[in-house]
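Q: Give me coordinates for this.
(chains A and B)
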Amino acid sequence: MLHLPTLLIQVAIIILLARVAGGLVRKLGQPQVVGEMIAGLALGPSLLGWLSPQVSMALFPPESLGYLSTLSQFGLLLFMFLVGLEFNPKVLSGRGHSAIVTSHASIIAPFFLGTLLALYLYPRLSDESVSFLHFALFLGTAMSITAFPVLARILIERQLLRSKVGTVAIACAAVDDVTAWIILAGVVLLVRTNAVGAPLALTFAGSLLYVAIMLWGVRRIMGRLGNVFRREGAVTTELFALIVLLILGSSLITELLGIHALFGAFLLGVVMPKDYDFVRLLSEKLESFVTVLLLPLYFAFTGLRTSLNLLTNVEMWSWCLLIIGVAVLGKFGGAALSARVTGLSWRDAGAIGILMNTRGLMELVILNIGLDIGAISPALFTMMVLMALVTTFMSTPLLELFYPAKLRWRDLPEVGAAETV
Amino acid sequence: MKITRALGSYLIFVGIPVLGILGLLQIGKTATAPASVGGVWNLTIVRDEWDCESAPIKAHVMQISQSGRFIVITLGNRSATLTGEIKELAISASGNSIDMPKDSFKIQLNGMLDPATTTVNGNIVFSPCGKWQFSATHQADSNSRGVNH
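A: Model (predicted):
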């Protein structure tokens, strides 16, 4: 039964700690999300539970976590809608072949290394209830992700969005995002179908049909929402309510199809009208509520499932380092090498590699799905969360090293303005 | 960037790794992992030998969180946490209760998994109070991984 005071205290502590940690890391030049990830970890068994198990038990009793989980999942649905909303296919125009080669290489290289790593880790960090195929596909996908929203914010904060590096990086991250989510949908479908015994072909066909309906049917209908917006000149309460209902409906359909509610929310965001003012006003309406209240809950929920205490020996820490190394090598190496081959200078290619290596929240989303469907073990989950934190943390200082401010300004006149991210 | 160069780059950076992934997935088919014990187990105390006044732990279930051969066992409502390993079918784990001083009260679990019946039989020694002989059956609908909290 819901104990409201417990939930209110939990939410208050989570938000307070997230804001404090976020503020502190911003002073170090890091994105807010890094601080929120650290705050989430601190509230879990890795710090609070380790320092004082009694306080941890009192603050986060196991029976209360269901409500926290539900709230955070709802926040994530809205966040994924925002990510889809901010995805604009126009950022790809004019980038041509180089963006396609670089983005696909930056997915395939870490995927390949992730699969190779799976050969080593499967006997060590998995068990016989998980097939190697599912384990390897999941590890590969988790290695391939780029945090499009975090990357976009780094580019905006560093005034890099209009630079050559910025435009290529944002185009690659957009392609990366969509591709990685499609791969993940496939993996989730494969694992879940096996678990419930539903015919794979049926759920696969149903998912494809839904995507097709959204992209070619619903997108046109959504265009009318843009017309309503232009007529009214604002995102009215009725329009906002309709959009929220559509998010819930689309999420429900993809959840019932077996590919997770998040894909429905993301897909709806993708097919929304991309009118600049519409996107901006709708984002503003949702963003503060989602980023200040609901996303910190998700970080805390993730932190409560992450236990550094599971890494009990040097052997496990060495696997963790190996995972971080492979993740960086695959993402940075794949993106930088392919960007270089497609004609960018080593410095620019390196900067793109660093930006693509940013994983942030998107990695946590994938990891939580993996833990929920049983594809990864709790210790591997913890190692991968650390990898997400390290790769996100390293982006800003490395970018400053590879691509200092004076070079950014030099590059600015070279390209036209990108529209919106 | 010319289309021929783009195509060549695409084949090298995407095509070849894709073939590599397919090859690795084929190789991995023969890979094996430790037996699965993750999830919630119903605990039946077959026999107990007790010297202390009352048992400091009341447990009708044990939850196992598994990562490869490494396991974390939670007894009762997180009142005791044990860490250990599974080797072949033998389970061993040790730890203590959060309600008792660490140095004065230790718990050691040893058990053997029977994959055919999905049961674990063994004993839990509570030093210095006594021991339980137990039989645990796996809850069919529990998460195979267990919840890591």
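
Q: Following element in sequence after the helix or strand containing A:Ile107, please.
A: Here A:Ile107 sits within helix A:96-125, counting by DSSP states H and E. Sequence order places helix A:132-144 as the next helix or strand after helix A:96-125, per DSSP H and E.

Q: Mind checking the pLDDT average for that next one?
A: Mean per-residue pLDDT for helix A:132-144: 93.

Q: The nearest residue to A:Phe132 once chain neighbours are set aside: neighbouring residues, count only.
A: Using CB to CB, 6 or more residues apart in numbering or on different chains and skipping residues adjacent in sequence, the residue nearest A:Phe132 is B:Gly28, 4.1 Å away. (Glycine included, C-beta is placed from N, CA and C.) B:Gly28: 18 surrounding residues under other CB atoms under 10 Å in any protein chain shown.

Q: gap between B:Gly28 and A:Gly84?
A: Noted for B:Gly28: a distance of 33 Å to A:Gly84, by CB to CB, to the nearest Å.

Q: hmm, back to that, next, see if the helix holding A:Ile107 gets close to chain B.
A: Yes: using CB under 8 Å from any CB of the partner chain, helix A:96-125 reaches chain B at A:96-98, A:100-101, A:104-105, A:108-109, A:111-112, A:115-116, A:118-119, A:122-125.

Q: I'd like to know which of the residues you listed are buried.
A: The neighbour count (16 or more other CB atoms under 10 Å in any protein chain shown) marks A:97-98, A:100-101, A:104-105, A:108-109, A:111-112, A:115-116, A:118-119, A:122, A:124-125 as buried among those.

Q: biggest strand in chain B, by residue count?
A: If you go by DSSP state E, chain B has its longest strand at strand B:39-50.

Q: Give me the sheet partners of that one and which way each runs.
A: In the sheet, strand B:39-50 lines up against strand B:61-67 (antiparallel), strand B:130-138 (antiparallel) (DSSP bridges).

Q: Now B:Lys29. Its backbone dihedrals?
A: Backbone torsions of B:Lys29, given as degrees, to the nearest 10, read phi -60, psi -30.

Q: To what extent is it buried, counted in neighbours?
A: Neighbours around B:Lys29, by other CB under 10 Å: 9.

Q: Apart from its chain neighbours, what residue comes closest to it?
A: Leaving aside its chain neighbours, B:Lys29 sits nearest to A:Phe132 (6.4 Å; criterion: CB to CB, 6+ apart).

Q: Could you pull up the mean pLDDT of whichever strand or helix holds A:Leu286?
A: Per DSSP H and E: A:Leu286 is located in helix A:276-288. Mean per-residue pLDDT for helix A:276-288: 89.

Q: Show me what the mean pLDDT comes to for whichever helix or strand comes after that helix.
A: The helix or strand immediately downstream of helix A:276-288 is helix A:295-305, counting by DSSP H and E. Mean per-residue pLDDT for helix A:295-305: 90.

Q: same check, this time on stretch A:253-269
A: Computed over stretch A:253-269, the average pLDDT equals 87.

Q: can you dump the C-alpha coordinates of that stretch into PDB?
A: Extracted in PDB, the C-alpha atoms of stretch A:253-269 (Å, rounded to 0.1, in the frame of the first residue of the first chain):
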ATOM      1  CA  ILE A 253       0.700  -0.100 -28.300                       C
ATOM      2  CA  THR A 254       4.500  -0.800 -28.400                       C
ATOM      3  CA  GLU A 255       4.400  -2.200 -24.900                       C
ATOM      4  CA  LEU A 256       1.600  -4.600 -26.000                       C
ATOM      5  CA  LEU A 257       3.500  -5.400 -29.100                       C
ATOM      6  CA  GLY A 258       6.400  -6.500 -26.900                       C
ATOM      7  CA  ILE A 259       9.000  -3.900 -27.900                       C
ATOM      8  CA  HIS A 260       8.800  -1.700 -24.800                       C
ATOM      9  CA  ALA A 261       6.600   1.400 -24.100                       C
ATOM     10  CA  LEU A 262       9.700   3.700 -24.600                       C
ATOM     11  CA  PHE A 263       9.700   3.100 -28.400                       C
ATOM     12  CA  GLY A 264       6.100   4.200 -28.800                       C
ATOM     13  CA  ALA A 265       6.900   7.500 -27.000                       C
ATOM     14  CA  PHE A 266      10.000   8.000 -29.000                       C
ATOM     15  CA  LEU A 267       8.300   7.200 -32.300                       C
ATOM     16  CA  LEU A 268       5.500   9.600 -31.600                       C
ATOM     17  CA  GLY A 269       8.000  12.300 -31.000                       C
END
